[in-house]
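1. Sequence plus predicted model, see below.
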Amino acid sequence: MSVTGGVPVVAPTVVPTVPDQALDIRPLLLAEFEPVLEPLAAAGPGVRKVLVASASKYESTREIAQAIAADLTGRGLEVTESDVDEDSNLVMDAFDAFVLGSAVYAGQWLQPARWFVQRHEPVLAAKPVWLFSSGPLGPPATWEEPVDVAGIAEATKAREHRVFAGRLDPDRLTAADRAVAAALRAPEGDYRDWPAIRSWARHIADALTGEGPQTIVKTDIVPN
């Protein structure tokens, strides 16, 4: 889906074996990174075109990306929202900044998201990038296992990484995925914190439009 910008062409989809809604099959612990403040030299009033791309199987993570795209658009930015598999007709060099997100399983982004970063690493590393992960279910106090996106953050020179809770709706899952979620007692429900998601989108918009602080924390994981 494009808010504005190029018309995506759907490429063959690599389907992950575990859905983003059943990601909390084991509790997750948010890793704490030492804050590193860096000047936002590449962003500012001249930044207009933003790509928000995500990897999601049951739309939970995609809906977070769409909410972020809507808020950035509301701030006057020209935003294209896309699945990471729909990038074949996008001119990556035309974007001034990127927001990338993925569902997480076993400490990793979904394979299509990792491939997206590999395909476009030179462009991503040269422009402002924000990352988000989606998947934990239940209150933050129950998250016990680290989410490892350090390699992706390093490859893209990401300015920030944020973790948002996910959603588990058994009615949306395949029979196999329901069995996995039931066996591991994954809590059902929608734990996405929309105010926190939109607040983060405004934070990004402030940085890109020059209206917010021009130094931000790099690869910072914060519970929503």
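-> Nice, thanks for sending it over. Everything numeric here is computed off the predicted structure, so don't read it as measured data.

2. isn't residue 160 right next to residue 130, touching?
-> Yes - the criterion here is C-beta atoms under 8 Å, and residue 160 meets it with residue 130 at 5.3 Å. C-beta coordinates here come from the backbone N, C-alpha and C atoms, glycine included.

3. and for these two, which residues touch both?
-> Between them, residue 160 and residue 130 share no contacting residue under C-beta atoms under 8 Å, 6 or more residues apart in numbering.

4. Look up which residues are beta-bridged to the nearest residue to residue 60 once chain neighbours are set aside.
-> Computed as C-beta to C-beta, 6 or more residues apart in numbering, the closest residue to residue 60 that is not its neighbour in sequence is residue 167, at 4.3 Å. Note on residue 167: beta-bridge partners by DSSP bridges are residue 190.

5. that older thread, who has more neighbours, residue 160 and residue 130?
-> Set side by side, residue 160 and residue 130 show more neighbours around residue 130, with 25 against 22, by other C-beta atoms under 10 Å.

6. Now do the phi/psi pair for that one.
-> Dihedral pair for residue 130: phi -120, psi 140, per degrees, to the nearest 10.

7. which regions of the chain sit below the pLDDT cut-off?
-> Residue ranges of the chain with pLDDT under 70: 1-47, 106-107, 136-148, 181, 184, 186, 211-224.

8. Sketch out the helices for it, chain order is fine.
-> Remark: helices assigned in the chain by DSSP state H are 60-74, 111-125, 150-156, 175-183, 194-209.

9. Highest mean neighbour count out of these?
-> helix 60-74 (a mean of 22; mean count of other C-beta atoms under 10 Å).

10. now for that helix, which elements pack on it?
-> strand 49-55, strand 78-83, strand 97-105, strand 129-134, helix 194-209 (3 or more C-beta pairs under 8 Å, 6 or more residues apart in numbering; DSSP states H and E).

11. and the angle from the longest one to strand 97-105?
-> In this case it means helix 194-209. 150 degrees (axes from the mean of the first three to the mean of the last three C-alpha atoms, to 10 degrees).

12. so what secondary structure elements neighbour helix 194-209?
-> Packed next to helix 194-209, using 3+ C-beta pairs under 8 Å, 6+ apart, are helix 60-74, strand 160-164.

13. go with 6 Å
-> In terms of contacts (3 or more C-beta pairs under 6 Å, 6 or more residues apart in numbering; DSSP states H and E), helix 194-209 is packed against helix 60-74.

14. Extract the CA atoms of the helix it packs on and return them as PDB.
-> Written as PDB, here are the backbone C-alpha positions of helix 60-74 (Å, rounded to 0.1, in the frame of the first residue of the first chain):
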ATOM      1  CA  SER A  60      -0.100  -7.200  13.100                       C
ATOM      2  CA  THR A  61       3.300  -5.700  12.400                       C
ATOM      3  CA  ARG A  62       2.000  -4.300   9.000                       C
ATOM      4  CA  GLU A  63      -0.700  -2.400  10.900                       C
ATOM      5  CA  ILE A  64       1.900  -0.800  13.100                       C
ATOM      6  CA  ALA A  65       3.800   0.300  10.000                       C
ATOM      7  CA  GLN A  66       0.600   1.700   8.500                       C
ATOM      8  CA  ALA A  67      -0.100   3.700  11.700                       C
ATOM      9  CA  ILE A  68       3.500   5.100  11.700                       C
ATOM     10  CA  ALA A  69       3.100   6.000   8.000                       C
ATOM     11  CA  ALA A  70      -0.200   7.800   8.700                       C
ATOM     12  CA  ASP A  71       1.300   9.900  11.400                       C
ATOM     13  CA  LEU A  72       4.300  10.800   9.300                       C
ATOM     14  CA  THR A  73       2.000  11.800   6.500                       C
ATOM     15  CA  GLY A  74       0.000  14.000   8.800                       C
END
